[in-house]
Each structure stands twice: as C-alpha cells, then as structure tokens.
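Q: Let me see the structure of the following:
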Amino acid sequence: VGNGASGLRIVDVNVKNYNINIKLDEFNSFFLENIKSSGAVEDVLVPISGSNIYAGHPTIDSVGLYMSNLHLAAGKYGIYLENSEGIQLADTEILLTSSHSLIHKVTSGTTVGMQFDNCYFDSSGDDSLYLESVENGQFNNVWVSPTVGVGMTLVDCRYNSFTGFQAVNCPGIGVKLKTASKYNTFTG
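A: Okay, here's the model as predicted:
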C-alpha cells in the first residue's frame, strides 16, 4: 500500500510467511494497531525482503506512521524504516532470530521527532535497534536485548532523550554511539 496514499488504518491483522509481510510505500498518516506478523522470508531477488513491516521509500520521504500493540517475530527485520518521519511506536514487542529488530535508514537529511514508548527489541543476529540520523526523538521505556551483536546503535543521532532505557544481556556492546552522535541524554 502507498504511493502517496494517506489516512490508512490497519487494525487486528495477522500476516505471516511473505517476503515482505506488510509494505507501506510513500506513506502519509498511516495507523497500524494490534498487528501480528511473523516469518518474513528473505529472498536475495527481492530488496528489503525478510521484513515483517517495511515503511518508507528508497528516495522519497514518508511522513506520519503511528504503530501500537505490534507483535513481530521471525524474519530478517522486525520493522525496516527508510526515509521516514513522524514515527510513533508504542506497546510493541519484536523477537527476531536474525538481523535488526528495528532499523531506521536515511539516504539524506535528518529525521525529526521519532517517539517510542514501552517497546522491547530482541534479536539474534545484529543490532537490536539501529537508528540513523534521528534528532529530537523521545524514547521511553525501551528495552534492547540481543543474543549477539549490539543492543542499540546510533549513527549521526543528536538531541534524543532516552528515559527508562535498558540494554540487557548484550554480549558485545549495550549502546554504541557512532559518527557524530552527540547531545543524547540517557536516564534510568
């Protein structure tokens, strides 16, 4: 769904075993509530395959994605965000056996105002939570717990606030700040 569509609401949906279980392309004010997604299948011929939820576009900015009460399991990515702004995520659990629980990538510019509340990110293959070029975000009661890799990586992220943040049982690094990540605040 997408290509400039706006005002879409997806509620009480269970999706499993596709290359991309839910793809939101060029979104504007989309709502996802009570979603269960699992088993996204990786295929080398399908870009960003293995995503339980893919939201964004490789070159076009997307704005306004409100997600709550998601349970995502298995697959390469729990949520893959690309060039996306206005992201709100609440009351969500992502349990993966491979790559990132949530990854946020941008091709240029900065994402402003991301907000996560009461979210649990667990992965067994890479960073549980990977954020790139995020500014002025609010992250409350976020828990990361990778089996391997890093709990959370911030790349070029500034002025974000992490309250009640926990990095638990990280075998490598709990929080990794890279490439001009500064002015972030962490409180217990």
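Q: Least confident secondary structure element in this protein?
A: The least trusted helix or strand in the chain, going by mean pLDDT, DSSP states H and E, turns out to be strand 111-112, with a mean of 84.
Q: Which phi and psi values does the residue in the chain sticking out farthest from the centre adopt?
A: Most distant residue from the mean C-alpha position of the chain: L45, 22.6 Å away (C-alpha atoms, centre = their mean). Main-chain torsions, L45, degrees, to the nearest 10: phi -90, psi -10.
Q: Check it and give its pLDDT.
A: pLDDT for L45: 90.
Q: Give me the distance between it and V168.
A: According to C-beta to C-beta, to the nearest Å, L45 and V168 sit 37 Å apart. Yep, even glycine has a C-beta here, placed from its N, CA and C like the rest.
Q: list the contacts for the closest residue to G50 other than its chain neighbours?
A: Among residues not flanking G50 along the chain, K76 sits closest, at 2.8 Å (C-beta to C-beta, 6 or more residues apart in numbering). Going by C-beta atoms under 8 Å, 6 or more residues apart in numbering, K76 touches 40, 42, 49-51, 96, 98-99, 125.
Q: could you redo the last one with a cut-off of 10 Å?
A: Residues in contact with K76 (C-beta atoms under 10 Å, 6 or more residues apart in numbering) are 40-42, 48-52, 96-100, 103, 123, 125-126.
Q: Measure how buried Q115 is and give me the count.
A: 16 (other C-beta atoms under 10 Å).
Q: likewise V155?
A: 18.
Q: Tell me where the chain has helices.
A: Counting by DSSP state H, the chain has no helices at all.
Q: So for the residue positioned nearest the centre of it, what's the nearest residue that isn't a sequence neighbour?
A: Against the mean C-alpha coordinate of the chain, by C-alpha atoms, centre = their mean, the closest residue is L102 at 3.1 Å. Leaving aside its sequence neighbours, L102 sits nearest to I79 (C-beta to C-beta, 6+ apart; 4.6 Å).
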